[in-house]
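Asker: What follows is a predicted protein model with its sequence.
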Amino acid sequence: LDKMQYSPGELINGTFCFDYQNDQYKKKNLRIKNPAVVLTITQTETIRERSFPKNKQNVVCSQGINIKELLNINKNPDPIFPFQLQLPINAQPNFEWPHQDNVNCSIRSMFQVEIKDCKALGNSFIVIKKNSTPLSSPLEIIEKSHKKGIFTGGDVLLKANYQTNSFPIYAQVPFTFTVDFSKSKYKIKGINYVLKRKIKMFDNFSNLLAEFNEDLMEKNVKGNMTKNQIENCVVELKDPVDLHRNYCMKLLGSAGGLKSDQVITLMPSVKCSLFECQYYIRLKAVTDTPLISGLNSPTLDLPIDVFSPTEYNINNVVINPDAFPTAEQVGAPQYPPQ
């Protein structure tokens, strides 16, 4: 292929030729009567949640082309054949979450060239990136609460707004957080915000199997001990050291591939059949309520869409072949690898 990574909707250009594995007999006697070539992109979803893995294979697109020159392959056994295939705009992005050896999930894409007449098949691993997909949620989110009790009383209003809710990995995410305690009997002791990533795993019937929550960044801002406070805040979309250094990197190739702090480039927002990855910022206003203020702090969640950065070096990534499910696991046809 002309490269390894593609965006949805992009045109894939490539070539194929025959590998006779130094078998001159096969090379001399190859005959093709049907010049049909099938180009296919498949994706395999995989989840592992301690007990056992689940896999699902989907055909992203498939296209048949006729290459008449194949009919004369015995006269010219070493030609190079060009082809093109357009990636659908709704193609799922590749995804890797190597949390632990027995707790992980992925979406992996494979480009396949098949000539059924001579039972020839070639595969190439590709990376499909995620484009920006702004969420349908409003850019200003307001949360009102009314609590009564010995420690909580009165109305509290939290408001957050941002210019967009879609950001590339490694981006700075700016937003404004407003806390209004003017109708509450307590004052603002502090403001806390946390960037969170949530992974949900599902069974074949869309029932929730497991949920994992990860804190990527947390910051506390001292409150002004008044009734109103406005803060301009920023979070950065990256993995903290204590998280990425514990990734099970054997699921990915290491020589010339991604480093652990770069794996997040393969963790965009995604929702597929077996799992979902969400990002959001949780905002909290800490009151000066005595003793158990943390239990009564009003919160607001700010959802964000996370997409692939424009430029990142993934062309040398080597995926461990053992990490792919077998053909039997996904119910796919079995072919000798090439």
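Answerer: The structure has been received and is ready for your questions.
Asker: is it true that I128 touches N94?
Answerer: Yes: using C-beta atoms under 8 Å as the test, I128 is close enough to N94 to be in contact (5.3 Å). Yep, even glycine has a C-beta here, placed from its N, CA and C like the rest.
Asker: just how off-centre is the lengthiest helix in the chain within its chain?
Answerer: Longest helix in the chain, counting residues (DSSP state H): helix 24-29. How far helix 24-29 lies from its chain's middle: 44 Å, per C-alpha atoms, centre = their mean, to the nearest Å.
Asker: And that helix, what's buried?
Answerer: Going by neighbour count (16 or more other C-beta atoms under 10 Å), the buried part of helix 24-29 is K27.
Asker: Can I get the next helix or strand after it as PDB, trimmed to CA atoms?
Answerer: Scanning the chain past helix 24-29 towards its C-terminal end, the next helix or strand to appear is strand 36-49 (assignment: DSSP states H and E). Only the C-alpha atoms of strand 36-49 are listed here, as PDB (Å, rounded to 0.1, in the frame of the first residue of the first chain):
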ATOM      1  CA  ALA A  36     -11.500 -11.300 -10.900                       C
ATOM      2  CA  VAL A  37      -9.700  -9.700  -7.900                       C
ATOM      3  CA  VAL A  38     -11.500  -9.000  -4.700                       C
ATOM      4  CA  LEU A  39     -10.300  -6.100  -2.500                       C
ATOM      5  CA  THR A  40     -11.600  -6.200   1.100                       C
ATOM      6  CA  ILE A  41     -11.100  -4.300   4.300                       C
ATOM      7  CA  THR A  42     -12.000  -6.200   7.500                       C
ATOM      8  CA  GLN A  43     -12.000  -5.100  11.100                       C
ATOM      9  CA  THR A  44     -11.800  -7.300  14.100                       C
ATOM     10  CA  GLU A  45     -13.200  -6.100  17.500                       C
ATOM     11  CA  THR A  46     -11.700  -7.900  20.500                       C
ATOM     12  CA  ILE A  47     -12.300  -7.600  24.200                       C
ATOM     13  CA  ARG A  48     -10.700  -9.500  27.100                       C
ATOM     14  CA  GLU A  49     -12.300  -9.200  30.500                       C
END
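Asker: Strand 36-49 pairs with which strands?
Answerer: Applying DSSP bridges to the sheet, strand 36-49 is found paired with strand 53-66 (antiparallel), strand 103-115 (antiparallel).
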